[in-house]
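1. Sequence plus predicted model, see below.
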Amino acid sequence: MIETIAFYFFAVLVIAMFTITVTTRQPVYAFSALAAGMILISAFFFMLKADFMGVVQIVVYTGAVMALYAFGMMFFDSAKKVNERIKKQSVIFLLSGLSAALVVAMVAAPIAAGYAVADHPVIEGMGNTETLGLLLFTKYLIPFELAGLLLLTAMICGIVLASKKMEYAKEENL
């Protein structure tokens with residue numbers, strides 16, 4: 001029962017964050033909502049007792065979104081003033097605190113409940129990292145390679161777009 005409630009709660013939050021990402025006009029808000037959505041997706045891994053994948057989701061996608069911040073700041077005029085009007089700062093503070101407490105509870109709950117048992121067969125003499133590598137490069141090889149190609153394509157496109165903007169900026173300064 002609690003898993004179902006948690007699933008729908010995180011599903012609504014993820015959809016809300018990605019909706020903000022797509023609909024907002026402020027790039028900083030879009031990047032922040034994207035980062036929050038990627039971190040909230042890790043909740044699904046934690047609910048499935050895949051703690052390592054949840055942590056990898058947080059680390060890898062947070063790093064990817066930080067790279068996206070860097071590319072985004074190259075594309076947008078950082079000298080332009082942004083007028084922010086935050087009407088209810090107490091609500092934002094309360095929601096931030098609740099989000100932080102929820103992340104701590106999400107990580108601590110499986111540890112407290114004792115769900116540290118693996119669902120795959122344990123091979124004698126192999127550690128957790130070796131078993132993960134075996135699964136990743138046998139059973140999950142195609143999705144792993146496709147994710148790598150997707151990230152490589154995104155990186156190349158970002159570099160090409162940034163270099164085109166630099167060329168246009170040089171032409172305007174002449």
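-> Done, it's in. Residues are numbered from 1 along each chain as shown.
2. count of neighbours near G54?
-> Neighbourhood size, G54 [other CB atoms under 10 Å]: 22. Glycine gets a C-beta too; all of them are placed from N, C-alpha and C.
3. pLDDT value on the residue nearest the centre of the chain, please?
-> Centroid check for the chain by CA atoms, centre = their mean gives M38 as the closest residue, at 2.5 Å. For M38, the pLDDT comes out at 87.
4. Likewise for V12?
-> Looking at V12, its pLDDT reads 90.
5. can I see the domain layout of the chain?
-> Domain ranges of the chain: 1-117, 119-174, per automatic domain parsing.
6. if we can go back for a sec, isn't the residue nearest to the centre of the chain up against Q57?
-> Yes: the criterion here is CB atoms under 8 Å, and M38 meets it with Q57 at 7.0 Å.
7. still on that earlier bit, what about the residue nearest to the centre of the chain, distance to V91?
-> 23 Å (CB to CB, to the nearest Å).
8. Same question for Y61.
-> 27 Å.
9. neighbour count winner among the two?
-> Y61 (18 against 10).
10. Can you name every helix or strand that the helix or strand encompassing A64 contacts?
-> According to DSSP states H and E, A64 maps onto helix 51-75. Here helix 51-75 touches helix 27-47, helix 141-173, going by 3 or more CB pairs under 8 Å, 6 or more residues apart in numbering; DSSP states H and E.
11. How many residues are close by M17?
-> For M17, using other CB under 10 Å, the count is 19.
12. thinking it is in contact with I41, fair?
-> No: using CB under 8 Å as the test, M17 is too far from I41 to be in contact (9.3 Å).
13. What are the neighbouring residues in contact with A35?
-> If you count contacts by CB atoms under 8 Å, 6 or more residues apart in numbering, A35 has them with 61-62, 65-66.
14. hmm, try it at 6 Å
-> For A35, the contact set (CB atoms under 6 Å, 6 or more residues apart in numbering) comprises V65.
15. Model confidence for E171, exactly?
-> 61.
16. Under the pLDDT cut-off, which ranges of the chain? List them.
-> 73-84, 106-107, 109-123, 127-129, 164-174 (pLDDT under 70).
17. how close does the residue nearest to F71 when sequence neighbours are not counted get to E145?
-> The shortest distance from F71 to any non-neighbouring residue, by CB to CB, 6 or more residues apart in numbering, is to G158 (4.5 Å). Here the criterion is CB to CB. By it, G158 lies 21 Å from E145.
18. how about the helix holding A64: buried residues?
-> Of the residues in helix 51-75, 51, 54, 57-58, 61, 64-65, 68-69, 71-72 count as buried by neighbour count, 16 or more other CB atoms under 10 Å.
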